[in-house]
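In: can't give you the sequence, but here's the structure:
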């Protein structure tokens, strides 16, 4: 049986990215590994066993391109309005809260934001399939 353990993104400033994910989404640094050419930081919280791995390639100064294949990271929250306000109050840009319906049935309420390296994050109200 397969179990997803982490997803990885490449960042230009490990401390800046870790601070963003801690402040915006409550993900704490669980462990950090240093190697000659790169560093890895694993972020998570008690809500999920899945971690976000931040990879810093030492000496890299050019921003990464995300290509046409990258979509977004999605997280769920209990209270979308409170989370949205908290993120904006912390000085981070967050899009408007929108609803997605299929027919007349609510599928989800969500907003998008970007991390310091331009990775898109979807913040979804816990509801239905998004628990």
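Out: Cool, the structure landed. Worth saying up front: this structure is predicted, and the values here are computed from it rather than measured.

In: determine the longest helix present in the chain.
Out: helix 14-25 (DSSP state H).

In: quickly run through the sheet partners of the helix or strand just after that one, with directions.
Out: Heading C-terminal from helix 14-25, the first helix or strand you meet, by DSSP states H and E, is strand 28-34. Using DSSP bridges, the strands paired with strand 28-34 in its sheet are strand 38-45 (antiparallel).

In: how far is the strand it pairs with from where the chain is centred?
Out: Here strand 38-45 is found 13 Å from its chain centre; the criterion is Cα atoms, centre = their mean, to the nearest Å.

In: which residues sit against that strand?
Out: 6, 14, 17-18, 21-22, 26-33, 50-58 (Cβ atoms under 8 Å, 6 or more residues apart in numbering). The C-beta positions use only the backbone N, C-alpha and C, and glycine is treated the same way.

In: drop anything exposed from the residues you listed.
Out: 14, 17-18, 21, 26-27, 29, 51-56 (16 or more other Cβ atoms under 10 Å).
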